[in-house]
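K.L.:
Sharing a model prediction with you, sequence too.
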Protein chains: 2
Amino acid sequence: MAKKIAAKDRNVTIDDIAKAANVGTATVSRALNHPELLRKDTREAVLRVVHELGYIRSGAAMALASNQTFTVGAIIPTFNNAIFAASIAGFENELSRENYTLLVTVSNFDPEQEIKQLRKLLERGIDAILLIGLDHSEQVFDLLERSRCCVVSIFGSSKQSRIPCIGFDNPKASEAIVAHLVSLEHQHIGMISGITDGNDRARDRKNGVISALQTHGLNHDPSLFIEKHYSHSQGRQALRTLLDQPTPPSAVICGNDVLAMGALFEANSQNIQVPQQLSITGFDNLPITEHLRPSLTTIDVPSEKMGIEAAKSIIENLRSGTTIQSKLLKADLLIRETTGKAAP
Amino acid sequence: MAKKIAAKDRNVTIDDIAKAANVGTATVSRALNHPELLRKDTREAVLRVVHELGYIRSGAAMALASNQTFTVGAIIPTFNNAIFAASIAGFENELSRENYTLLVTVSNFDPEQEIKQLRKLLERGIDAILLIGLDHSEQVFDLLERSRCCVVSIFGSSKQSRIPCIGFDNPKASEAIVAHLVSLEHQHIGMISGITDGNDRARDRKNGVISALQTHGLNHDPSLFIEKHYSHSQGRQALRTLLDQPTPPSAVICGNDVLAMGALFEANSQNIQVPQQLSITGFDNLPITEHLRPSLTTIDVPSEKMGIEAAKSIIENLRSGTTIQSKLLKADLLIRETTGKAAP
DNA sequence: GTCGATAATGAAAGCGCTTTCATTTTTGTG
DNA sequence: CACAAAAATGAAAGCGCTTTCATTATCGAC
């Protein structure tokens, strides 16, 4: 059986180009990476051959030789949350503008998986990595340190973080919500929080609420604080539980918009008037929330901006070695229609 | 300034391990990749050293030497659509089960960007790639062919596809919607379609509607067919336009759930009763749609399943070279509350 | 023209692995 | 206990680039 003529079963390499263009491999490499170092005619000749032969560089070889990959990794908890999607979209846009590629990976909120994924990313070779929040296992910090890989975390708000972090003040946002509800004369406030174990954002939001409650001289009733995974159905279920309490809350603060939407849907189902009979607040300001009926009062989290800023910092660090400064972006309360005066 | 003792500024390599364990590099490599080839004591000795020194392999070197990366790429149109999120989640889960890593990249619905991203992925070195749909520029097919990279496409439904494709029958789903609406006595049917240019899924869905209309002897009024980008606001806007027509439709078929939600929100805003005054259908069955009030009649697209099946096929191909068979999954009409009898 | 300075180029040494092939060790058998 | 066969191991040759360093070509000034 005749093999295809002239097409050895092997990719075109830099040597092929060099030979065809009658130059050294160093010149080919320069034509591709530092064109300004070459005389115009050589450069063009080389590039022409590159085109003709449909040459594709081997990233592996490049990475091995130069010790950089122009790849940045990211480990997010899940793909199923529009809020991370927005951050990642911003992050990736900014990176690709500078010709970096993004490698996204998912931990499913599982610390073990996070370690595994990080390990894989580091093996694969990345120039920097994006993490969500500040709760990470010791091994994560260990690996990061040992590999001297550039790191940034987003969504978190801790000041004494071990890694630079571009986020916003979660507790403060919670306080703004409580203050708003208090101004509407709510006394009996419940919360549907995300799972706080291993999730600093959820914890910060919950603790922010609790401490704000105390600031305003309100009672923190633990039976009115429920933790749920982020999903519409869990939100619905949680609201049902809350309404079954001996003295149900007049306002429910939700740990994110998905939970809040769940609560809102459940209220709709039960023909409970929002906000006349029940106030509900969210967290994140997902695009859909403004279209809901009633539209959701929530925190306008700078998700895309965090991604963009993180990418900018990383690129600057990679270019010039500047250490990355933590940044606190603002996240304002967005008062819409799901909050109103407490029923007397 | 004293350097850290013993910590040369260099990563631990396989040679360090070999030296420390007093074996050859081949043995270290085997301990990591083919442990069964080693005697128990050597294997354990090597692995112990690996642990002690916190050794992390260089993926670049591995890739270069073995010509495989255990990385699979994916190019999706956007991160901002839960439907792709579900597919990608399934895909990545299945891949990581077999120790492959997923590299996700975004084209923003732009053919040029798609080429660029593909090129980058191929440079980076991937063992396989996942594409969405079947509309791709010639260059994409070209690159794919030349690199002999394993490819799968999902979401498409064309039989004579140039690449294996695990999808469902978009036109058929459209027909089911039309049949349903016709059975509810709708005569005047409009559509808010996605942008069909360069998007075979959107086109298939739209053409499916048009041809079904004809099958049922209904008139296809082009002024009732609008193309919009997938977003809530575009959906709202489109419905406004549709309602401004001299004879507005009694039912609106939407190209996906996001557009449908937009339409539904707009109807809510204008106090138009759905489905009494207007029927609306979606496409995709996003998790949220069942919670809407009224809940959305839509097509239950097997998004996660496509991702899973694609991953399985890829893994099998990579393992044993089996050529990938196209698969047609089913996508059934889900009749919920946004469709009802046409107003007389 | 000539000469020193500068720009352009090429040869070759890695980068850190995998894998082949030869060599050594272990095992089983008579 | 000897010996062939099988199992375990190591030496070394790449994989396809980048980059240093030496060499050659080009240029400008006299």
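P.N.:
In hand now; what should we look at? Numbering: from 1, shown residues only, chains lettered A, B, ... in the order given.

K.L.:
Around chain B, which positions in the stretch 101-250 of chain A sit nearby?
P.N.:
A:101-106, A:117, A:119-125, A:142-143, A:146-147, A:231-232, A:236 (CB under 8 Å from any CB of the partner chain). (Glycine included, C-beta is placed from N, CA and C.)

K.L.:
Could you list which of the residues you listed also contact DNA strand D?
P.N.:
Counting by CB under 7 Å from any atom of the strand, nothing from these sits close to DNA strand D.

K.L.:
Narrow those to just the buried residues.
P.N.:
A:101-106, A:117, A:119-125, A:143, A:147, A:231-232, A:236 (16 or more other CB atoms under 10 Å in any protein chain shown).

K.L.:
From A:Ile163, how far out is A:Glu112?
P.N.:
Look at A:Glu112 and A:Ile163: by CB to CB, to the nearest Å, they are 20 Å apart.

K.L.:
more crowded one of the two?
P.N.:
For A:Glu112 versus A:Ile163, neighbours defined as other CB atoms under 10 Å in any protein chain shown are more numerous around A:Ile163 (19 against 11).

K.L.:
In contact with that one, which residues are there?
P.N.:
Neighbour list for A:Ile163: A:Leu131, A:Leu134, A:Phe141, A:Leu144, A:Val151, A:Val152, A:Ser153 [criterion: CB atoms under 8 Å, 6 or more residues apart in numbering or on different chains].

K.L.:
Surely it forms part of a helix?
P.N.:
No. Checked against DSSP: H, G, I helix; E, B strand; the rest coil, A:Ile163 lies outside a helix; its state is coil.

K.L.:
nearest residue to the closest residue to chain B within the stretch 101-250 of chain A other than its sequence neighbours?
P.N.:
Closest approach of the stretch 101-250 of chain A to chain B (CB to the nearest CB) occurs at A:Arg124, with a separation of 4.1 Å. Nearest residue to A:Arg124 in three dimensions, chain neighbours excluded: B:Gly59, at 4.1 Å (CB to CB, 6 or more residues apart in numbering or on different chains).

K.L.:
thinking again about what came up before, can you flag the buried ones in the contacts of A:Ile163?
P.N.:
A:Leu131, A:Leu134, A:Leu144, A:Val151, A:Val152, A:Ser153.

K.L.:
Provide a list of residues in contact with the third one.
P.N.:
Right, A:Leu144. Per CB under 8 Å, 6+ apart, neighbours of A:Leu144: A:Leu118, A:Ile129, A:Val151, A:Ile163.

K.L.:
Give me the pLDDT for it.
P.N.:
pLDDT, A:Leu144: 94.

K.L.:
ok, now the second one?
P.N.:
At A:Leu134 the predicted local distance difference test score is 95.

K.L.:
tell me the SS of it?
P.N.:
Once three-state DSSP is applied, A:Leu134 turns out coil.

K.L.:
again with the fourth one
P.N.:
At A:Val151, secondary structure determined by three-state DSSP is strand.

K.L.:
In TSV, list the contacts of A:Leu144 along with pLDDT.
P.N.:
Converted to TSV, the contacts of A:Leu144 look like this (pLDDT from 0 to 100):
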residue	pLDDT
A:Leu118	95
A:Ile129	97
A:Val151	96
A:Ile163	94
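
K.L.:
Return the member of those residues nearest to B:Pro35.
P.N.:
Using CB to CB, A:Leu118 is the member of those that lies nearest B:Pro35, at 22.9 Å.

K.L.:
Much appreciated, bye for now.
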